[in-house]
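Participant: This is a predicted model, with the sequence first.
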Amino acid sequence: MNVHIKENAKNFHRFDAAWTPTVLVSNPDGKERYRLEGYLSKEEFEAFLEMGLGRVAFMKKDFANAEKHYSNVLDQHPDSHFAPEAVYWRGVSRYSSSHDHTALEDVAKTFTEKYQDSEWALKSVPWLHE
Amino acid sequence: MMVVQETIIMAVNWIKDADEALVRAKDQNKPLLIDFSAAPS
């Protein structure tokens, strides 16, 4: 769906869009699951879309599909701005379907080797000692 | 031999009506992409 501010300004308020460009990925019921404000390169935008689909699947508790989308981000866009977040949520998706704590430890270990400066590395630090 | 790279730009058939888009997403059980723009069309 495309909403242009001059054609349909009321939908900006309806979906809490405060700036352009804003892009939302929602679930089939229209509930927002992922948001982008501002421009991205084509590569980064592709990664954003995959992250959005991952989030839609995760919130539906379809953890296998969520893991697949996050893996796609890492396979196809390993240098993307979204890659560290994909590492984090891929691990959480694995843990959520298996309840195997080593999935979270693996996330933290990954961040000792890659993406060390990301906020997602900080968020996973406690899992190093599980 | 020459390799020709062709860029294919696919048009997106955007739905403009929010209610219609929400109904179609729900009926088809598919995620919805919503693009808010101020760019000249």
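Facilitator: Alright, I've got the coordinates. Here the structure is a predicted model, which means the values were calculated and not measured. Residues are numbered from 1 along each chain as shown, chains lettered A, B, ... in the order given.
Participant: So A:Gly52 belongs to a helix, correct?
Facilitator: Yes. Under the criterion used here (DSSP: H, G, I helix; E, B strand; the rest coil), A:Gly52 sits inside a helix.
Participant: quick one: it and A:Val25 touch, right?
Facilitator: Yes. A:Gly52 lies in contact with A:Val25 (C-beta atoms under 8 Å); the separation is 2.9 Å. The way it works is simple: take the backbone N, C-alpha and C, and place the C-beta from them, glycine included.
Participant: Give the residues shared as contacts by those two.
Facilitator: Shared contacts of A:Gly52 and A:Val25, defined by C-beta atoms under 8 Å, 6 or more residues apart in numbering or on different chains, comprise A:Arg33, A:Tyr34, B:Pro31, B:Leu33.
Participant: mind checking pLDDT for the last one?
Facilitator: Per-residue pLDDT puts B:Leu33 at 97.
Participant: Give the burial count for it, as a bare number.
Facilitator: Taking other C-beta atoms under 10 Å in any protein chain shown as the neighbour definition, B:Leu33 ends up with a count of 19.
Participant: Now do the contacts for it.
Facilitator: By C-beta under 8 Å, 6+ apart, B:Leu33 lies in contact with A:Met1, A:Val23, A:Leu24, A:Val25, A:Leu49, A:Gly52.
Participant: Including distance to chain B, pLDDT and neighbour count, could those residues go into JSON lines?
Facilitator: Listed next are the contacts of B:Leu33 as JSON lines, based on distance: C-beta to the nearest C-beta, whole Å; pLDDT from 0 to 100; neighbours: other C-beta atoms under 10 Å in any protein chain shown:
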{"residue": "A:Met1", "distance to chain B": "4", "pLDDT": "90", "neighbour count": "23"}
{"residue": "A:Val23", "distance to chain B": "5", "pLDDT": "97", "neighbour count": "22"}
{"residue": "A:Leu24", "distance to chain B": "4", "pLDDT": "97", "neighbour count": "24"}
{"residue": "A:Val25", "distance to chain B": "6", "pLDDT": "98", "neighbour count": "22"}
{"residue": "A:Leu49", "distance to chain B": "7", "pLDDT": "98", "neighbour count": "20"}
{"residue": "A:Gly52", "distance to chain B": "7", "pLDDT": "98", "neighbour count": "23"}
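Participant: any idea which of those is the one closest to B:Ala39?
Facilitator: Sorting these by distance to B:Ala39 puts A:Val23 at the head of the list, at 12.6 Å, by C-beta to C-beta.
Participant: Excluding chain neighbours, give the residue nearest to the closest one in space.
Facilitator: Spatially, and ignoring its direct neighbours in sequence, A:Val23 is nearest to A:Leu36 (4.4 Å; C-beta to C-beta, 6 or more residues apart in numbering or on different chains).
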